[in-house]
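**Q** Give me coordinates for this.
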Amino acid sequence: MKKGLMLFSVLALVVVTMMWSTDTAAYTTFASGCNSCHTWSYSSNDHQSHFSNGCGSCHAVSGDDPVTSRCASCHGGATIMNDHNNNGISACIVCHSDTPNENRTWGQTKQLFN
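**A** Residues are numbered from 1 along each chain as shown. Below you'll find the predicted structure:
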């Protein structure tokens, strides 16, 4: 009886936590939006430059649509923000469509990481 109650309590806590957690609503895969600016083909210079890391650093299986969370494993959050800012993307709303403070600038966002 105690094990069942404990299991129920843990599951209820997980469900409540998931309901309250926020979604940053950024692109979750390369093809879900990143590809509108990043036009990588198999033979592009950007794609070729990542080969030294091995396909598994971006792809779970060969030919899949890479999840964007893998980008941060090599390119830290501040690096990704700086690269986008240096290329004319000046606000979070470009990739994050449904987040609090979505019109925050890179400079304002960067202060959160310092």
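**Q** Give me the nearest residue to residue 30, chain neighbours excluded.
**A** Nearest residue to residue 30 in three dimensions, chain neighbours excluded: residue 66, at 4.9 Å (CB to CB, 6 or more residues apart in numbering). Just so you know, the C-beta spots here come from the backbone N, C-alpha and C atoms, and that holds for glycine as well.
**Q** Ok, residue 69 next?
**A** Nearest non-adjacent residue to residue 69, counting by CB to CB, 6+ apart: residue 28, 7.7 Å away.
**Q** quick one: the one you found from residue 71, how far?
**A** 11 Å (CB to CB, to the nearest Å).
**Q** what does residue 5 give?
**A** With CB to CB as the criterion, residue 5 and residue 71 are 42 Å apart.
**Q** Quick check on these two: which one has the bigger neighbour count.
**A** When residue 5 and residue 71 are compared for neighbours, residue 71 comes out ahead with 17 against 9, by other CB atoms under 10 Å.
**Q** Mean pLDDT per helix and strand in the protein: which one sits at the bottom?
**A** Ranking every helix and strand in the chain by mean pLDDT, DSSP states H and E puts helix 106-113 at the bottom, with a mean of 62.
**Q** hey, where'd the helices end up in the chain?
**A** 2-20, 45-49, 71-74, 77-86, 106-113 (DSSP state H).
**Q** And the average pLDDT for stretch 68-77 is what?
**A** The average pLDDT within stretch 68-77 is 80.
**Q** distance between the ends of that stretch?
**A** From its first residue to its last, stretch 68-77 covers 12 Å (CA to CA, to the nearest Å).
**Q** what's next to it, contact-wise?
**A** Contact with stretch 68-77 is made by 26, 27, 28, 29, 30, 34, 53, 57, 58, 80, 83, 113, as judged by CB atoms under 8 Å, 6 or more residues apart in numbering.
**Q** which one among those gets closest to residue 90?
**A** Residue 90 lies nearest to residue 83 out of the contacts of stretch 68-77, by CB to CB, at 12.6 Å.
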